[in-house]
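> Return atomic coordinates for the entry below.
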Amino acid sequence: MAAPGYGKRTAPGQAPRTREAFAHLPAREAYIASHLDRLPEGAAMDVKTLAKELPYGQQALGTALNALSQAGHLRRVRERVSKDRTQWVFRTYFSRTARDDAWWNRFLTGDVTPEQEAAASPPARSEAYDALAALGRADARLALSAADCAELEPLAAKWLSRGTSRAELIRTLTAGLPPDVHSPAALTRTRLTVKMPPERVMPMGSRLMECTSCRTPGRPEALSGGLCRACHGDHEATSRPPSVDVRDRAAAVRAASRAGRDKFLKGRKR
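Numbering: from 1, shown residues only. Just a heads-up that it's a prediction; the model follows:
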């Protein structure tokens, strides 16, 4: 167990535990996820502790936790104990049901209630996709195809991550439509882009997400899959020294030594 107040926290509204809960993951990640799923609240989830409990080393466990984060099963978070106390605790939220970035962002800013999540069945699609699919039911002029919904899903997900509810998103996109809409997908894309709400500032006293890999804190929308850009591999390290082939260097040193020796011996013979 971690120190009191720290360690594992279970995300709300998960699907029931079954044998197939982690079937979509590689074997190693599925094994580790199954172990994490059964840990009690407050259990330590750092790689050193897990390495003592599982047949994997710390490096392999770190890689697996990053993969679980990207798959939507966990997020590392710093939380203030309360509004009246400045003490911060470090917790790892785990979800048996994989969640997309939009869900985690709403949960970490307090927009997901356990009661609502427990009553709902686990979504087969993202909430952003479902909101776009519902536009045609709200107004037939904005009926989108499955391909349209998939293409526009990232834009809609940004709206949700910035605090817009599904109902507000649908209402905004369908308000004031022209009498004839010749291209529902094009009009929806334009409205999603032009009317995009500003980024939501997380209030103090709430939660601050950390990169699962390097523990760098940041806003949820900046940590896609729970990882920062550097850990996603978006930026190459500029401080890394150029690689040197040790064998080539040693061969060059030996060749120079032999050349010097031969030159010295040749001079003595003369």
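> Identify the residues contacting the residue lying closest to R78 once chain neighbours are set aside.
Closest residue to R78 apart from its sequence neighbours, by C-beta to C-beta, 6 or more residues apart in numbering: L208 at 4.4 Å. Bear in mind the C-beta positions are built from the backbone N, C-alpha and C, glycine included. Applying C-beta atoms under 8 Å, 6 or more residues apart in numbering to L208 gives the contacts 77-79, 202, 217-218.
> Serialize the residues you listed to CSV and add fields for neighbour count, distance to L227 and pLDDT.
Shown next, in CSV, are the contacts of L208 (neighbours: other C-beta atoms under 10 Å; distance: C-beta to C-beta, whole Å; pLDDT from 0 to 100):
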residue, neighbour count, distance to L227, pLDDT
V77, 22, 14, 84
R78, 14, 16, 80
E79, 19, 20, 76
M202, 17, 18, 50
P217, 15, 13, 78
G218, 13, 10, 74
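> Correct me if wrong: P197 contacts T164.
Yes. Contact criterion C-beta atoms under 8 Å: P197 and T164 qualify, at 5.8 Å.
> if we can go back for a sec, which pair in the contacts of L208 spans the largest distance?
Greatest spacing in the contacts of L208, by C-beta to C-beta: E79 and G218 (14.8 Å).
> so where's this protein uncertain?
Low-confidence segments of the chain (pLDDT under 70): 1-6, 81-86, 110-124, 200-207, 221, 234-270.
> So which residues of it form strands?
With DSSP state E, the ranges of strands along the chain come out as 7-10, 74-82, 85-94, 207-210, 217-218.
> Can you tell me what sits against stretch 219-232?
66, 69-72, 74-76, 101, 104-105, 108-109, 158, 161-162, 199, 202, 209-214, 216, 218, 235.
> Dump stretch 24-37 to CSV, restricted to CA.
Only the C-alpha atoms of stretch 24-37 are listed here, as CSV (Å, rounded to 0.1, in the frame of the first residue of the first chain):
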residue,chain,number,x,y,z
HIS,A,24,-7.7,-5.9,-26.8
LEU,A,25,-4.2,-5.4,-25.2
PRO,A,26,-1.0,-7.3,-25.9
ALA,A,27,-0.3,-10.2,-23.6
ARG,A,28,2.1,-8.4,-21.2
GLU,A,29,-0.1,-5.3,-20.9
ALA,A,30,-3.2,-7.4,-20.4
TYR,A,31,-1.5,-9.3,-17.6
ILE,A,32,-0.3,-6.2,-15.9
ALA,A,33,-3.7,-4.5,-16.3
SER,A,34,-5.5,-7.5,-14.8
HIS,A,35,-3.1,-7.2,-11.8
LEU,A,36,-3.8,-3.4,-11.4
ASP,A,37,-7.5,-4.0,-11.7
